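Engineer: Sharing a sequence plus its predicted fold:
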Amino acid sequence: MTRQHDSMIHPKIEDLLERVDSKFSLVTLGAYRARQINAYFNQLGEGLGHMIPPQVSSTARKPLSIAFEEIAVDKIVKIARPDYDEMEAEAAAMFGDLPVGDIAIDESDEVAESAIDAGDDSSTDASAEESAE
């Protein structure tokens, strides 16, 4: 016996929109989770086990349908990403202020590599001029 739905899309879009703040958020969240589910199904035979399996038992075969079902039962929720300034302040509180100029770069290596990349043959030109005299 097959499962009958009163609409073409199950769960209904209206029900899903109640769980997120906009259509864009729903699309982004559903697509992100669908990619995770797809990656989980693709790695099953490899035994890696680091992907999160689907959180609902579903008769759907498509990863996006499974993702929407997870959103409908609040297994997957959208969290707000903190602002960059907030993350920077939190990192400074945890680790202290990081010094900016600690990375030392040997400029002579960069000059030599750029001359090689540019095809600079000035050293070979000078030796060719000396041999010509």
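Structural biologist: That came through fine. Numbers count the residues shown, from 1 in each chain.

Engineer: low-scoring stretches of the protein, by residue?
Structural biologist: Within the chain, the stretches falling below the threshold (pLDDT under 70) are 1-8, 47-49, 98-133.

Engineer: For A89, the count of nearby residues, please.
Structural biologist: 12 (other Cβ atoms under 10 Å). Yep, even glycine has a C-beta here, placed from its N, CA and C like the rest.

Engineer: Please identify the helix or strand for it.
Structural biologist: helix 84-95 (DSSP states H and E).

Engineer: Would you confirm that I37 contacts F68?
Structural biologist: No. Using Cβ atoms under 8 Å, I37 makes no contact with F68, being 10.9 Å away.

Engineer: higher neighbour count, these two?
Structural biologist: F68 (26 against 21).

Engineer: Summarise which helices and strands whatever helix or strand that one lives in is packed against.
Structural biologist: Taking DSSP H and E as the criterion, the element that holds F68 is helix 63-72. Under the contact criterion of 3 or more Cβ pairs under 8 Å, 6 or more residues apart in numbering; DSSP states H and E, helix 63-72 touches helix 13-17, helix 23-42.

Engineer: Deepest-packed of these, please.
Structural biologist: Each of the helices and strands packed on helix 63-72 was scored by mean neighbour count; the highest is helix 23-42, a mean of 15, by mean count of other Cβ atoms under 10 Å.

Engineer: who touches it?
Structural biologist: 13, 16-17, 19-20, 51-54, 62-64, 66-68, 70-71, 76, 78 (Cβ atoms under 8 Å, 6 or more residues apart in numbering).

Engineer: So what angle separates the directions of that helix and helix 63-72?
Structural biologist: Going by axes from the mean of the first three to the mean of the last three Cα atoms, to 10 degrees, helix 23-42 is angled at 120 degrees with respect to helix 63-72.
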